[in-house]
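Undergrad: Okay, sequence plus prediction incoming.
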Amino acid sequence: MAQATATLGDNIVGTTASAPHPYGARPKGNALLASPAQARVRPLGLGFLAAFPDEMLLEFLLAFLGPLELARAGTAGRTLYVLGHQPELWRNLALDECGGGKVSVPFAGTWKDTCAAAFRANRRASAAAAAVAASEVHEVGRLHVPFSVEGIFSDALYRPWCCAAAEVQPRWLTCPRGVPRRCGLSVNDFVAQFEGPNTPVILTDVVTAWPAFERWRDPTYLAAVCGDALFRATSLGASRAASFTMGDYLVRHSLQEPHTHSKSHTRTPRDNARLQETNACKRQALARDKHSQETNTRETYHLTGMT
């Protein structure tokens, strides 16, 4: 029965049993099939705080802690360990540590490690200003390696990881049967054959005609074109805005590959947000890569809603 429960939880995100939530969290409904020992984990670990849902604990308690306090809270029990490693908590703390131009550190693979790097950098800067001995502040940080915990059933923890870590199945990208694929289609033919009858069609030569189709595959090109312009990389609803240069953003995502430290941590969730904005000059530079010299380019872009 326990194995069936694990398979059910993993199938929700399209992964296998070898790639569960890095901290062992499962959907809340799986608690109905939990063993007595698993069912006691949350009430014993939280005490009177167990009366509050995880959403409230994250938003109204843990979100107000600083880096040291949050790290210490994670040592107080299994449930607080998992709650205290919610990536959004450490993302906000990392942005606070880097805010106001205090320090600038590269993304370290996880938000907790990035926060730790920024925290140490701030301590070194403060120590230098106060003429404190360097030996007191130049501690060496170790990358965090999570371990899985039994008995954690929480939609507040599992759902964000599910959305961030779910694989895109190839069958989802399969073209529906009956939808024609066309290339070299003139505007008049498009209107007569598809727009007029309101019939779907897949145009296969629109994006491939853009210079961006080749140029944007090269990370060094994107980093060079964008320079030091800042892109907002968090959703508009995020409590704090995370901004990166294109170079840092690409490095950040290259680091968020499956970890090799632990079999239980095979994937690091990524923020579910695209780059939101940059300055006007850089937008224009990238926009020029989305134009070709074909005679019907303008009309095709207009009809496909790409301008």
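TA: Okay, I see it.
Undergrad: From here on, just use CA atoms for contacts and neighbour counts.
TA: Will do.
Undergrad: Where does the prediction get shaky in the stretch 151-300 of the chain?
TA: Judged by pLDDT under 70, the stretch 151-300 of the chain has its weakly predicted residues at 175-176, 233-242, 251-283, 291-300.
Undergrad: Would you confirm that G227 contacts M246?
TA: Yes. Assessed by CA atoms under 8 Å, G227 is found in contact with M246 at 7.3 Å.
Undergrad: ok, these two, which is more surrounded?
TA: Counted by other CA atoms under 10 Å, G227 and M246 do not tie: M246 has more neighbours, with 24 against 13.
Undergrad: Not counting sequence-adjacent ones, nearest residue to the more buried one?
TA: Spatial nearest neighbour of M246, excluding adjacent residues (CA to CA, 6 or more residues apart in numbering): A223 at 5.3 Å.
Undergrad: same question, K290
TA: Per CA to CA, 6+ apart, closest to K290 is W210, 5.0 Å.
Undergrad: so how far is L286 from the one you found?
TA: 11 Å (CA to CA, to the nearest Å).
Undergrad: more crowded one of these two?
TA: In terms of neighbours (other CA under 10 Å), W210 is the more surrounded of W210 and L286; the figures are 18 against 15.
Undergrad: Okay, buried residues for the longest helix along the chain please.
TA: In the chain, taking DSSP state H as the definition, the longest helix is helix 111-129. Residues of helix 111-129 classed as buried: 111-124, 127 (neighbour count, 16 or more other CA atoms under 10 Å).
Undergrad: Report the backbone C-alpha coordinates of that helix in CSV.
TA: This file holds the C-alpha atoms of helix 111-129, laid out as CSV (Å, rounded to 0.1, in the frame of the first residue of the first chain):
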residue,chain,number,x,y,z
TRP,A,111,18.3,30.0,-3.2
LYS,A,112,19.5,28.8,0.2
ASP,A,113,23.1,28.5,-1.0
THR,A,114,22.8,31.8,-2.7
CYS,A,115,21.5,33.5,0.5
ALA,A,116,24.3,31.9,2.4
ALA,A,117,26.9,33.2,0.0
ALA,A,118,25.4,36.7,0.1
PHE,A,119,25.2,36.5,3.9
ARG,A,120,28.9,35.6,4.2
ALA,A,121,29.8,38.3,1.7
ASN,A,122,27.9,40.9,3.8
ARG,A,123,29.7,39.7,6.9
ARG,A,124,33.1,40.0,5.2
ALA,A,125,32.2,43.5,4.0
SER,A,126,31.1,44.5,7.5
ALA,A,127,34.2,43.1,9.1
ALA,A,128,36.4,45.0,6.7
ALA,A,129,34.6,48.2,7.6
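Undergrad: which residues sit in contact with the residue nearest to M246?
TA: Neighbour list for A223: 245-247 [criterion: CA atoms under 8 Å, 6 or more residues apart in numbering].
Undergrad: go on, L62?
TA: 70, 84, 89.
Undergrad: Also R40?
TA: Here R40 is in contact with G151 (CA under 8 Å, 6+ apart).
Undergrad: again, only this time at 10 Å
TA: R40 sits next to 34, 151-152 when contact means CA atoms under 10 Å, 6 or more residues apart in numbering.
Undergrad: same deal with G227?
TA: For G227, counting by CA under 10 Å, 6+ apart, the contacting residues are 221, 245-247, 282.
Undergrad: can you check A71 too?
TA: 65, 80-81, 84-85, 90, 112.
Undergrad: ok, it to L185 distance?
TA: From A71 to L185 the distance is 59 Å (CA to CA).
Undergrad: in which helix or strand would I find L58?
TA: Using DSSP states H and E, L58 falls within helix 54-60.
Undergrad: what is the rounded mean pLDDT of that helix?
TA: The average pLDDT for helix 54-60 rounds to 93.
Undergrad: For it, name the packing helices and strands.
TA: helix 78-83, helix 87-98, helix 155-165 (3 or more CA pairs under 10 Å, 6 or more residues apart in numbering; DSSP states H and E).
Undergrad: hmm, try it at 7 Å
TA: Contacting helix 54-60 under the criterion 3 or more CA pairs under 7 Å, 6 or more residues apart in numbering; DSSP states H and E is no other helix or strand.
Undergrad: Which ones among the contacts of A223 lie within helices?
TA: Assigned to helices by DSSP H, the following of these qualify: 246-247.
Undergrad: now, among the contacts of A223, which is nearest to L203?
TA: M246 (29.7 Å; CA to CA).
Undergrad: How about F231: which residues does it bridge to?
TA: F244 (DSSP bridges).
Undergrad: Is it in contact with D248, as I believe?
TA: No. Between F231 and D248 there is no contact under CA atoms under 7 Å: 10.0 Å.
Undergrad: Looking at the two now, which is surrounded by more residues?
TA: Set F231 next to D248 and count neighbours by other CA under 10 Å: F231 wins out with 20 against 17.
Undergrad: and the two most separated of the contacts of A71?
TA: L80 and K112 (15.3 Å).
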